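Colleague: Fold the following, please.
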Amino acid sequence: MTGVVRVPMFAAVLVFVLLAGPAAAGTLADIIARGEIVAGTKADYRPYGFRDKDGRIIGIEPDLAADIAARLGVKLRLEPVTPANRIQMLEERKVDLIIATMAITEERSKAVSFVSPAYYAAGIGGLAAPGSGIRSEDDLKGKAVCAVKGNVANEELQRVYVQRELVAFDTIPEAGQGLQQGRCTVFAYDDAALLALRKHAPDTWKDYNYVEFTAIDPLPWGIALRLEDGPGPLARILSKVVLDWHASGRLARLEKKWLDKNTRWVAGIREKYRRQP
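Modeller: This is a model prediction of the structure:
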């Protein structure tokens, strides 16, 4: 695809850092000097970042972080982060970057620098109870809808479509349990997270229909850097990395690995940036 540049390998990156000088290179120079990049990822959010039976953090975003490390020719260390502490850990230099389901918003852009383009985006889907008759957003009006507190789509979902208070829970398992207990007729949340529930607990959710809410636009997620790294070489390299993930199909393949299918946004971005072999 025209305009997509392959990311330099370690030797080229090192030359770039040496030419730029430590002050100009900033965090990238630190990463090369220590031979390790520290990425903040989720450790409790399947399929993006979660712990396996041995306690290791695995998932889509750890795989993407591993690809960044490989391209830079350094080791990878994963640090678990939460929505409450991820920006603080970045500011305190406990991580070099955040790749942790972080939606790009105007408010967050005042605190961090997001790499452009977005590497992912979360659409909204629903797990609907048997016989609920819910097939789209238009069927949600007046219904009891389970949701997870803090999800950025909740406000639009409630105001435009549901038009009543959501039945909000602190965690995904609690919201799922609320649906099973009949406290709501549908659990509305990030599409990939719901698909992961169905994939990894098929017997639990076999009677619940998955509904894609296409009228709600997917919300882009970005790799977050410290503000001072925004205009620097690390941001420029990561921008090329993300473009390559889209153009080469790496992101689409990783999502299929963890979900067995591609979400609407990933399928669309793959077509937009498709590069022929």
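
Colleague: Just list whatever residues bridge to the closest residue to Leu219 other than its chain neighbours.
Modeller: Spatial nearest neighbour of Leu219, excluding adjacent residues (Cβ to Cβ, 6 or more residues apart in numbering): Ala103 at 4.8 Å. C-beta here means a position set from N, CA and C on the backbone, and glycine is covered the same way. Per DSSP bridges, the residues bridged to Ala103 are Trp221.

Colleague: my guess is Ala103 contacts Asp217, does it?
Modeller: No. Ala103 lies out of contact with Asp217 (Cβ atoms under 8 Å); the separation is 11.8 Å.

Colleague: Ile68 versus Ser248, what's the distance?
Modeller: As judged by Cβ to Cβ, to the nearest Å, Ser248 and Ile68 stand 14 Å apart.

Colleague: I should have written Lys206 there, sorry.
Modeller: 37 Å.

Colleague: Of the two, give the one with the bigger neighbour count.
Modeller: Ranked by neighbour count (other Cβ atoms under 10 Å), Lys206 and Ile68 place Ile68 first, with 24 against 9.

Colleague: residue contacts, the spatially most central residue of the chain?
Modeller: Taking Cα atoms, centre = their mean, the centroid of the chain lies closest to Thr101, which sits 3.3 Å from it. Counting by Cβ atoms under 8 Å, 6 or more residues apart in numbering, Thr101 touches Lys42, Tyr45, Tyr48, Gly49, Glu61, Ala122, Asp190, Trp221.

Colleague: Give me the secondary structure label for it.
Modeller: Counting by DSSP: H, G, I helix; E, B strand; the rest coil, the backbone at Thr101 sits in coil.

Colleague: What is the subsequent helix or strand relative to the helix ranked longest in the chain?
Modeller: In the chain, assigned by DSSP state H, the helix with the most residues is helix 233-248. Where DSSP states H and E defines the elements, the next helix or strand beyond helix 233-248 is helix 250-259.

Colleague: after that following helix comes which helix or strand?
Modeller: Per DSSP H and E, the first helix or strand lying C-terminal to helix 250-259 is helix 264-273.
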